[in-house]
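> Okay, sequence plus prediction incoming.
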Amino acid sequence: MFGSVLGLNRFSAGRSYWEVEVSNKTGWDLGVARRGANRKGLLTVDTENGYWVTVHYEGNRYAALTAPPVSLALKARPQKVGVFVDYEEGLVSFYDVTTRSHIYSFTECSFDGDIVPYFSPHLAQNDKNTDPLIISAVQKQ
């Protein structure tokens, strides 16, 4: 069982970008969700259920939560992940901010209404994964 949090900002148009520090985490989920997606009980977090999310789990594994999930081969463990959303293009992209490299993109997304940022810090296990996810302010350029 995992807890998750939806961000306050709603998006129904335009572009948005935020960064999340994940440096000492052994597990996390990051992405966006339809505001009206099911959030109670047993969830299936994938694109068919209104979630566009990447996951880090079991210490060194990564996946895009499509249906079925796609395993991601990252060259380095991200310290900070950037999330970029272009609502009109139906695009959600993830980046390793430190190495300035692309992690994964969901394309041709059908958002159908408001979407919100989605975060799951995963559970602490054996004194690991206890650090928080830290959302960073990003200066507009």
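Arrived safely.
> Next, work out how far apart A137 and K40 are.
A137 is 31 Å from K40, where distance means C-beta to C-beta, to the nearest Å. All C-beta atoms are positioned from the backbone trio N, CA, C, and that covers glycine.
> Over to E58?
For E58, the distance to K40 - C-beta to C-beta - is 26 Å.
> higher neighbour count, the two?
Using other C-beta atoms under 10 Å as the criterion, E58 and K40 rank with E58 on top: 9 against 5.
> Write down the beta-bridge partners of the most centrally placed residue in the chain, one by one.
For the chain, the residue nearest the mean C-alpha position is L30 (1.8 Å; C-alpha atoms, centre = their mean). Beta-bridge pairing for L30 (DSSP bridges): T54, F119.
> tell me the pLDDT at Q125?
With respect to pLDDT, Q125 scores 82.
> Grab the nearest non-local neighbour of it.
Residue nearest to Q125 in three dimensions, not counting chain neighbours: T26, with 7.7 Å by C-beta to C-beta, 6 or more residues apart in numbering.
> what's the helix or strand for the one you found?
Counting by DSSP states H and E, no helix or strand carries T26.
> does I135 count as helix, strand or coil?
Per DSSP: H, G, I helix; E, B strand; the rest coil, the local secondary structure of I135 is strand.
> Now for the nearest residue to T98 once chain neighbours are set aside, how many residues are close by?
Leaving out its chain neighbours, the residue that sits closest to T98 by C-beta to C-beta, 6+ apart is Q79, at 4.8 Å. For Q79, the count of nearby residues is 14 (other C-beta under 10 Å).
> What segments of the chain are strands?
Counting by DSSP state E, the chain has strands at residues 5-6, 15-21, 28-34, 51-57, 61-64, 70-72, 80-86, 91-96, 101-106, 115-120, 134-136.
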